[in-house]
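> I'll drop the sequence and a predicted model, then ask my questions.
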Amino acid sequence: MKKGLKIALKSFGCVVGIPVAGFLTLAQINQCIVTDANFEDHSNYWTNIMKANPSAGELPVTRLAMLASHDTFSNDITPKSKANPNEDNVSSVKALTFFGKGTFIRLARAQNSNVYDQLRAGVRWLDFRITHIGDEYYNSHGLLAEKLSTNLKLIIKFLEENPGEFVVCDIAYFYPDKENGETDSPEMWEKLETYIRSVKGESGKSLLDFDNTKGSFKELTYNNITNNGTNSASIFFYWDVQDYNEENFKDTVFGRHGYGTKLAYSSAIGSLSSDAVIDNVANNIEYIKKQYPSQEDRDASFRFAQFETTPNMKQIFDALMIWSLLDKAKHHNSYFLESDKINWDTDYSECIFKYMPVIMCDYATSNEYGFNSTIIDKMTKWNSKLTK
């Protein structure tokens, strides 16, 4: 087919397909806003591992395998959600939602369950994308999700119910309040900390009250952050993906562990290909082997693989063929586990968890083809064999 004809057909498809797809998917989105019932309960993920292998409690937490959910709080995005006014691409988001809001929503919702159920399913790394609007803070993924306070309370509830568990709270993105002239400054971070401390659970504790960690990440162990498993814990940090001035947050709770705390951020941004994701992760494993040959070098940072695909604006027509990020992840998460380019064998010393122990994905609670049960089982086996 000639290039000009292809372009014409794609243009026609976008004009017709986006609003049609947007209309049709509203019903599907409403059906999706339910919690999953098919995952196993892994509320005691860490405590069970420490019972099986007490020596794991003495290791740096950066060496422990754990499941991470990409855009953790995007399950709260609904047809009523508005575009995040603080994101740079807000005009593009508004344009897409004008033609078909359902289309954009199904490419923005990366998780199907709320954070409480994600934690019950074994997720221990939470991906925060926070935006500040007026007196309130929200979670966001292009569109505004629920208020931050709502999800903070759910995390606190889980920790209150499960002593001995800890969660990593990774602030991947923070969007200042543009309308009110908020800019990168110590005050910006102080306001966020004050807000988080103001949200308390039934115990009277905020999520930051569960975080008593100090020093570099390689100094943190399960035993010292949970008082040998008697307390629950959180580890907060901001990853400097947006080039904020480190001087403004390094002395806050979000920067006290040092700069550059995440290593080998692997995914195929701007690609719909699962094979491209696998190749990217495999290449980053080789990079870590060469650049950080010793375990001590690797212990200094959290190392993780991001197993999800992300279409860019040029691929929006192709993305229409995908029912949703959730549907794609439901079918492709298990495909990642079956790849022969990545070693998932926990009996082998070169297993992926040696180099990238944190595995991040969309639809982390999905048990389609046994994904959630399989990945948690593999991580548990790996952690249960770790020694100093």
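Sure thing, it's come through.
> these two touch, right, Cys361 and Ala329?
Yes - assessed by CB atoms under 8 Å, Cys361 is found in contact with Ala329 at 6.4 Å. Heads up, the C-betas are built off the backbone N, CA and C, glycines and all.
> Overlap of the contact sets of those two?
Shared contacts of Cys361 and Ala329, defined by CB atoms under 8 Å, 6 or more residues apart in numbering, are found at Glu308.
> And the strands in the chain?
When secondary structure is read from DSSP state E, the chain shows strands at 66-69, 123-133, 136-141, 143-147, 166-175, 233-238, 262-269, 302-310, 358-361.
> Tell me which of those strands sits nearest to Glu187.
Nearest of those to Glu187, taken as CB to CB: strand 123-133 at 11.7 Å.
> any idea of the mean pLDDT for the closest one?
Over the span of strand 123-133, the pLDDT mean works out to 97.
> Give me the sheet partners of it and which way each runs.
If you go by DSSP bridges, strand 123-133 pairs up with strand 66-69 (parallel), strand 136-141 (antiparallel), strand 166-175 (parallel).
> Would you reformat the ones you listed as JSON lines and include distance to Tyr292 and mean neighbour count?
Putting these into JSON lines (distance: least, CB to CB, whole Å; neighbours: other CB atoms under 10 Å) gives the following:
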{"stretch": "strand 66-69", "distance to Tyr292": "19", "mean neighbour count": "24"}
{"stretch": "strand 136-141", "distance to Tyr292": "31", "mean neighbour count": "24"}
{"stretch": "strand 166-175", "distance to Tyr292": "20", "mean neighbour count": "22"}
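> would you turn the ones you listed into TSV with distance to Tyr348?
Putting the strands paired with strand 123-133 into TSV (distance: least, CB to CB, whole Å) gives the following:
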stretch	distance to Tyr348
strand 66-69	20
strand 136-141	36
strand 166-175	26
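> thinking again about what came up before, just put the strands of the chain in CSV and tack on distance to Gly215.
Shown next, in CSV, are the strands of the chain (distance: least, CB to CB, whole Å):
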stretch, distance to Gly215
strand 66-69, 20
strand 123-133, 20
strand 136-141, 28
strand 143-147, 32
strand 166-175, 16
strand 233-238, 12
strand 262-269, 17
strand 302-310, 15
strand 358-361, 20
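> Least reliable of the ones you listed by average pLDDT, please.
Of all these, strand 262-269 carries the lowest average pLDDT, namely a mean of 64.
> pLDDT score assigned to the spatially most central residue of the chain?
Centroid-nearest residue in the chain: His70, 2.8 Å away (criterion: CA atoms, centre = their mean). If you check His70, the pLDDT there is 94.
> wait, it sits on Ala305?
No - between His70 and Ala305 there is no contact under CB under 8 Å: 11.2 Å.
> what touches both of the two?
In contact with both His70 and Ala305: Met360, using CB under 8 Å, 6+ apart.
> Tell me which of the strands of the chain lies nearest to Glu350.
strand 302-310 (14.4 Å).
> In this structure, what helix or strand scores lowest on average pLDDT?
helix 3-32 (a mean of 43; mean pLDDT, DSSP states H and E).
> Specify the beta-bridge partners of the nearest residue to Lys82 once chain neighbours are set aside.
Nearest non-adjacent residue to Lys82, counting by CB to CB, 6 or more residues apart in numbering: Leu144, 5.3 Å away. Per DSSP bridges, the residues bridged to Leu144 are Ser140.
> so who does Asn372 touch?
Phe39, Glu40, Ala121, Gly122, Ala364, Thr365, Ser366.
> Looking at those residues, which is nearest Gly164?
Using CB to CB, the contacts of Asn372 come closest to Gly164 at Gly122, 14.3 Å.
> Could you pull up phi and psi at the closest one?
The phi/psi pair for Gly122 (degrees, to the nearest 10) reads phi 110, psi 0.
> Ok, Gly134 next?
In terms of degrees, to the nearest 10, the main-chain angles of Gly134 are phi 60, psi -120.
> my read: it touches Lys178, true?
No - the criterion here is CB under 8 Å, and Gly134 misses it with Lys178 at 11.4 Å.
> Was I right to think the residue nearest to Lys82 contacts Asn86?
No - under the criterion of CB under 8 Å, Leu144 is not in contact with Asn86, lying 9.8 Å apart.
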